[in-house]
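1. model the following, please.
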Amino acid sequence: MGLALLLAASAAAAAPAGLPAGALRVPSVRQATEYTCGAASLLAVLSYWGVYDGGEAGLAKRLGSDPVNGTRAAAMVKTARELGLE
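-> Residues are numbered from 1 along each chain as shown. This is a model prediction of the structure:
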């Protein structure tokens, strides 16, 4: 399953009830800051696959998230691949 699809699934799985049959049960992760939505989304996906056990702050630091630029998509893809996702 592609990384983009998993990231989209993390947003869709945030709805607590009424998930369609076969929907991925990606953990719901609330972002801690106004600029770490990318880190929070990736954390949900990584947690689902069991390849990362850290928190959002550590992941945001690894991704280079900052208040001006947020989290760059390229950093998310690179990190996901480094952690074993395709």
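
2. rest of the way, CA atoms for contacts and neighbours
-> Will do.

3. run through who's touching the helix or strand where Arg81 lies.
-> If you go by DSSP states H and E, Arg81 is part of helix 73-82. Contacts with helix 73-82, where a contact means Cα atoms under 8 Å, 6 or more residues apart in numbering, come from 3, 38-39, 42, 46, 62-64, 86.

4. give me the buried entries from those residues.
-> 3, 38-39, 42, 46, 63-64 (16 or more other Cα atoms under 10 Å).

5. let's see which of the residues you listed end up in helices.
-> 3, 38-39, 42, 46, 63 (DSSP state H).

6. and the spatially most central residue of the chain, what's its pLDDT?
-> Centroid check for the chain by Cα atoms, centre = their mean gives Leu42 as the closest residue, at 1.5 Å. pLDDT, Leu42: 97.

7. count of residues packed around Val68?
-> 7 (other Cα atoms under 10 Å).

8. mind listing what it touches?
-> Contacts of Val68 (Cα under 8 Å, 6+ apart): Tyr35.

9. in stretch 65-72, what counts as buried?
-> Result for stretch 65-72 [16+ other Cα under 10 Å]: buried residues 65, 70-71.

10. do you know how far the residue nearest to the centre of the chain is from Leu59?
-> Distance, Leu42 to Leu59, using Cα to Cα, to the nearest Å: 9 Å.

11. go on, Gly50?
-> From Gly50 to Leu59 the distance is 14 Å (Cα to Cα).

12. neighbour-wise, which of the two wins?
-> Taking other Cα under 10 Å, Gly50 and Leu59 do not tie; Leu59 has more neighbours (21 against 10).
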